[in-house]
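Student: no sequence on this one, just coordinates:
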Ligand SMILES: Nc1ncnc2c1ncn2[C@@H]1O[C@H](COP(=O)(O)OP(=O)(O)OP(=O)(O)O)[C@@H](O)[C@H]1O
Ligand SMILES: [Mg+2]
């Protein structure tokens, strides 16, 4: 899919008006605090998701004398599903509504699935820098987009886990409840096995794709390896279920003492290594940035394979810490994808072989 027009009204500091992006690389450049991230955020909101900066909807309309205006509106023309379509998004008193091809919808979430994007923002570097929870959330989030039925699997697992943990805490005071643990073990194994198998299948697609993209970014100077390794090492339905059940039984006494479930896919990790070394511990800033980028671009490719539509790629402030050859990859080797990329340095536009540059100055967009 391609965004062909974007319109803004009272949105953050962006001047009311419209822009016409090209269907390859769009570089949004300007000094700090001019509105570059605001522009990417405006595009992102059409996915139906929350602001990637964690801003509440009521804070998006333009600040006037220290107060947010009552309303803000965004509009987008895009080419998707083989035809031109129009989307509108309204924020009024902290609530969203939308219009899809002229048909009014009461919610903003009606847009989910109409517009698809993948976003890289500096916070996403935590995907490499922090513990396993971030990486599990990345895999699960990507799976939810690629396969909506997965949302239910994840919710069922999380609910069963919460209930088992609550029961573990109760057992300390009421030992007669001990027998009811079996039921929760069975439920946890049922949903946990589905969850694990989905993650394994997704990572088998993701890992080679991300490694190939990383080789492109680093001009094959480094070898990166991604692997999702469930704690038990099993990968077929019966083996995963048996291993998980055995682990729950084995850790039962410890779990009762601690009051939580110590084994399960809620503790698994996606391991990332560069030339055999942990990227989290030993990766340089540029390498860590390149890894997150490779994962995001691979996620976009998998979404394309599943849905037949290429997600729009939003890259916020990705250029800093990347050397010239890595910048060149992002500007000139992402063929077939529509990309919006922000940076401070106007020189970046000159490195781009094809595409369009937009200068942002105090919220005004010029190309
Ligand atoms: N609701 C709002 N109304 C008006 N201005 C806003 C609103 N929200 C944010 N801003 C302003 O937008 C500006 C920040 O824009 P943005 O985050 O897009 O900057 P940027 O160009 O990405 O800068 P950097 O290069 O530092 O990342 C700030 O000056 C901020 O005060
Ligand atoms: Mg910014």
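Tutor: Cool, got the structure. Since the structure is predicted, the reported quantities are computational estimates derived from the model, not experimental observations. Ligands and ions are numbered 1, 2, ... in the order given.

Student: tell me which parts of the stretch 1-150 of the chain are close to ligand 1?
Tutor: Applying Cβ under 6 Å from any ligand atom, we find that the stretch 1-150 of the chain lies next to ligand 1 at 12-13, 30, 32-38, 59-60, 62-63, 68. Where C-beta positions appear, they are placed from N, C-alpha and C, glycine not excepted.

Student: Pull the most distant pair out of those.
Tutor: Across those, no pair lies farther apart than 30 and 68, at 23.2 Å, counting by Cβ to Cβ.

Student: the more surrounded of those two?
Tutor: residue 30 (23 against 20; other Cβ atoms under 10 Å).

Student: As a check, name the ranges of all helices in this protein.
Tutor: 36-44, 126-129, 132-146, 150-173, 181-217, 237-250, 252-258, 279-282, 285-307, 324-332, 348-351 (DSSP state H).

Student: Make JSON lines from the ones you listed and add mean neighbour count and mean pLDDT to it.
Tutor: Listed next are the helices of the chain as JSON lines, based on neighbours: other Cβ atoms under 10 Å; pLDDT from 0 to 100:
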{"stretch": "helix 36-44", "mean neighbour count": "23", "mean pLDDT": "97"}
{"stretch": "helix 126-129", "mean neighbour count": "17", "mean pLDDT": "95"}
{"stretch": "helix 132-146", "mean neighbour count": "18", "mean pLDDT": "92"}
{"stretch": "helix 150-173", "mean neighbour count": "16", "mean pLDDT": "95"}
{"stretch": "helix 181-217", "mean neighbour count": "20", "mean pLDDT": "96"}
{"stretch": "helix 237-250", "mean neighbour count": "16", "mean pLDDT": "96"}
{"stretch": "helix 252-258", "mean neighbour count": "14", "mean pLDDT": "95"}
{"stretch": "helix 279-282", "mean neighbour count": "16", "mean pLDDT": "96"}
{"stretch": "helix 285-307", "mean neighbour count": "21", "mean pLDDT": "94"}
{"stretch": "helix 324-332", "mean neighbour count": "17", "mean pLDDT": "92"}
{"stretch": "helix 348-351", "mean neighbour count": "15", "mean pLDDT": "88"}
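
Student: what's the closest of the ones you listed to residue 359?
Tutor: For residue 359, the closest of the helices of the chain is helix 348-351, at 8.8 Å, according to Cβ to Cβ.

Student: Tell me which residue of the stretch 51-200 of the chain lies closest to ligand 1.
Tutor: Closest approach between the stretch 51-200 of the chain and ligand 1, counting by Cβ to the nearest ligand atom: residue 63, at 3.6 Å.

Student: What residues are bridge-paired with that residue?
Tutor: With DSSP bridges applied, residue 63 shows beta-bridge pairing to residue 68.

Student: That one: neighbour count?
Tutor: Neighbours of residue 63 (other Cβ under 10 Å): 12.

Student: I'd like to know how far it sits from residue 69.
Tutor: 8 Å (Cβ to Cβ, to the nearest Å).

Student: do residue 197 as well
Tutor: Counting by Cβ to Cβ, the gap from residue 197 to residue 69 is 49 Å.

Student: Can you check the pLDDT for residue 32?
Tutor: Per-residue pLDDT puts residue 32 at 96.

Student: can you pull the contacts of it?
Tutor: residue 344 (Cβ atoms under 8 Å, 6 or more residues apart in numbering).

Student: With residue 66 instead?
Tutor: Per Cβ under 8 Å, 6+ apart, neighbours of residue 66: none.
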